[in-house]
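Student: Structural data only, the sequence is not supplied:
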């Protein structure tokens, strides 16, 4: 670039005109760039309006932390819960390891592997006697459980009670469904599973209603059978009294006093007529 001053006024004016032209072109480029940025922002806003994004919860450790509920005789409640302060989570494999220590003797336990819909696999406990069953999940092959709704939990049993001071270790592979929410195929399968679960729950409620009706009918039948039994008993008692009366009457008719008073009864019959 030549940094020497122009030799004449004409050259200076030409240089000024050239700079003004470059500035004008630069302003037009900035204006076009601003318009393009505004257009892109409007496109993004339109896309977000048409495709609302769900709030992500997987970044909140409290929603992913395992919690153990214990029933000390008053049922499960939020105040009777344990967390594992030193629980471990492998972010690459999704393996969760936690250890709980019971403060009191418990008659039942409930494990909540976080608060979000998820899939749990390879669930195991340090005590082989402890068994578990999902309360609100779908049992899948290979010891997997799919929880389609929030608040997934397992009921633990297998022993009559869990003593105070007992340390229970638990490990499992945790996969929150939220991490797959942007997969169209997964969402389609998930909606199908949710529909199947709703259908199953509806059928279960219908069956429960039918069972209640059957139980009520059985109670009514039992009451009728009791009434029939009581009527049979009363009928038997009446038959016994009838037979006793007939026996007594036959004894009277065959008695000698009845035979001796026959003429007198005939005479009385004549006076009545």
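Tutor: Great, that's in hand. Computed from a predicted model, the values in this text were never measured in an experiment.
Student: Mind jotting down where the helices sit in the stretch 101-250 of the chain?
Tutor: Remark: helices of the stretch 101-250 of the chain, listed N- to C-terminal, are 184-253; assignment by DSSP state H, counting those that start in this stretch.
Student: Any idea which residue is closest to the centre of this protein?
Tutor: Centre of the chain computed as the mean C-alpha position; nearest residue by C-alpha atoms, centre = their mean is residue 136, 3.4 Å away.
Student: Go ahead and confirm it touches residue 145.
Tutor: No - counting by C-beta atoms under 8 Å, residue 136 does not reach residue 145; the two are 9.8 Å apart. The C-beta positions use only the backbone N, C-alpha and C, and glycine is treated the same way.
Student: what do the two both touch?
Tutor: residue 152 (C-beta atoms under 8 Å, 6 or more residues apart in numbering).
Student: what about the stretch 151-273 of the chain, any weak spots by pLDDT?
Tutor: Judged by pLDDT under 70, the stretch 151-273 of the chain has its weakly predicted residues at 180-197, 269, 271-273.
Student: Let's see that with 80 instead.
Tutor: Counting by pLDDT under 80, the low-confidence segments of the stretch 151-273 of the chain come to 178-204, 249, 251-253, 255-273.
Student: Next, the contact list for the residue nearest to the centre of the chain, please.
Tutor: So residue 136 contacts 147, 149, 151, 152, 153 (C-beta under 8 Å, 6+ apart).
Student: The nearest residue to residue 73 once chain neighbours are set aside: neighbouring residues, count only.
Tutor: In space, and not counting its chain neighbours, residue 73 is closest to residue 107: 6.4 Å by C-beta to C-beta, 6 or more residues apart in numbering. A total of 15 residues lie near residue 107 under the criterion other C-beta atoms under 10 Å.
Student: Residue 71 now?
Tutor: For residue 71, the number of neighbouring residues by other C-beta under 10 Å comes to 16.
Student: Relative to residue 131, how far out is the closest residue to it other than its chain neighbours?
Tutor: What sits nearest to residue 71 in space, not counting adjacent residues and going by C-beta to C-beta, 6+ apart, is residue 108, at 4.2 Å. As judged by C-beta to C-beta, to the nearest Å, residue 108 and residue 131 stand 12 Å apart.
Student: same check, this time on residue 259
Tutor: According to C-beta to C-beta, residue 259 and residue 131 sit 88 Å apart.
Student: and if you look at residue 255?
Tutor: Distance of residue 255 to residue 131, computed by C-beta to C-beta: 82 Å.
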